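K.L.:
quick one: sequence and predicted model below, then my questions.
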Amino acid sequence: MLSLFVNAQDYTKLTKAFKESYVKEKSGKYSDAITVLKSYYDADSYEINLRLGWLSYLQGQFAESMNFYNKAITLMPYAIEPRFGLVLPASSLGNWEMVISQYNKILATDPNNTIALYRLGVILYDRKEYVQASQYLEKVVNLYPFDYQSLVMLAWTNYRLGKTREAKVLFNKSLLYYPDDASALEGLNLIK
């Protein structure tokens, strides 16, 4: 019975520390928020590692952030949130292979995760890998047929693939969401 009381005491202190870290984060004092949590650091705590990953990222300590996110992934290998967290410092460091790897691992767990699908599609589009980009973006559009960002990205991808008829339809659907959208209007002008 005593161990439950001690754990309750620990959780009360830890909850206060998390609360204080949120207050400090909100005021932009990321280093102070990190310090608060590090005083309660437990390497086996998924929540502390996840939170320190985020705060370290905000502080611009990308290697440290990746370290905390990787610890959270080790503790909860099927969790998606630390993988989404890990892509932030990885992309800040220009480590696009790690970013792509994390998105693929997210999709292995959750094949219809539209955030990972969309972001992979955009990365592949930027790499001019339009065939692969279209596969990811098309899946998002099939799941969310009126999502502006996905529609316009798939439209541009189809345009780059020479599928102007499909691109025209998608640009026009994009305009239903944002009638004056410069990107969709530009695409339609190029097709004419």
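P.N.:
Looks like it came in fine.
K.L.:
care to break the chain down by domain?
P.N.:
Structural domains of the chain, as assigned by automatic domain parsing, span the residue ranges 1-95, 112-192.
K.L.:
can you tell me the centre-most residue of this structure?
P.N.:
Nearest to the mean C-alpha position of the chain, by C-alpha atoms, centre = their mean, lies Phe84 at 4.2 Å.
K.L.:
right, and the helix or strand after the helix or strand of the chain with the lowest mean pLDDT?
P.N.:
Ranked by mean pLDDT, DSSP states H and E, the weakest helix or strand in the chain is helix 2-26, scoring a mean of 78. Counting by DSSP states H and E, the next helix or strand C-terminal to helix 2-26 is helix 30-38.
K.L.:
in that following helix, what's buried?
P.N.:
For helix 30-38, a neighbour-count test (16 or more other C-beta atoms under 10 Å) marks 30, 33-34, 36-37 as buried. In this view, the C-beta of every residue, glycine as well, is placed from N, C-alpha and C.
K.L.:
ditto for stretch 84-99
P.N.:
84-91, 95, 98-99.
K.L.:
kindly report the same for stretch 43-61.
P.N.:
For stretch 43-61, by 16+ other C-beta under 10 Å, it's 45-46, 48-59, 61.
K.L.:
so which of those belong to strands?
P.N.:
Per DSSP state E, strands hold no members of the buried residues of stretch 43-61.
K.L.:
of these, which is the nearest to Leu188?
P.N.:
Closest to Leu188 out of the buried residues of stretch 43-61 is Tyr57 (38.8 Å), distances taken as C-beta to C-beta.
K.L.:
surely that closest one and Leu88 touch.
P.N.:
Yes: counting by C-beta atoms under 8 Å, Tyr57 does reach Leu88; the two are 5.1 Å apart.
K.L.:
quick one on the thing from earlier: now do the same contact list for the residue nearest to the centre of the chain.
P.N.:
The contact partners of Phe84, by C-beta atoms under 8 Å, 6 or more residues apart in numbering, come to 102, 106, 115-116.
K.L.:
reformat the residues you listed as TSV; add distance to Lys192.
P.N.:
Converted to TSV, those look like this (distance: C-beta to C-beta, whole Å):
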residue	distance to Lys192
Gln102	40
Ile106	39
Ile115	34
Ala116	35
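K.L.:
let's see which of these end up in helices.
P.N.:
Mapping the contacts of Phe84 onto helices (DSSP state H) picks out 102, 106, 115-116.
K.L.:
shared neighbours, Tyr57 and Leu88?
P.N.:
With C-beta under 8 Å, 6+ apart as the test, Tyr57 and Leu88 both reach Ser65.
K.L.:
rewinding a little: which among the contacts of Phe84 end up buried?
P.N.:
102, 106, 116.
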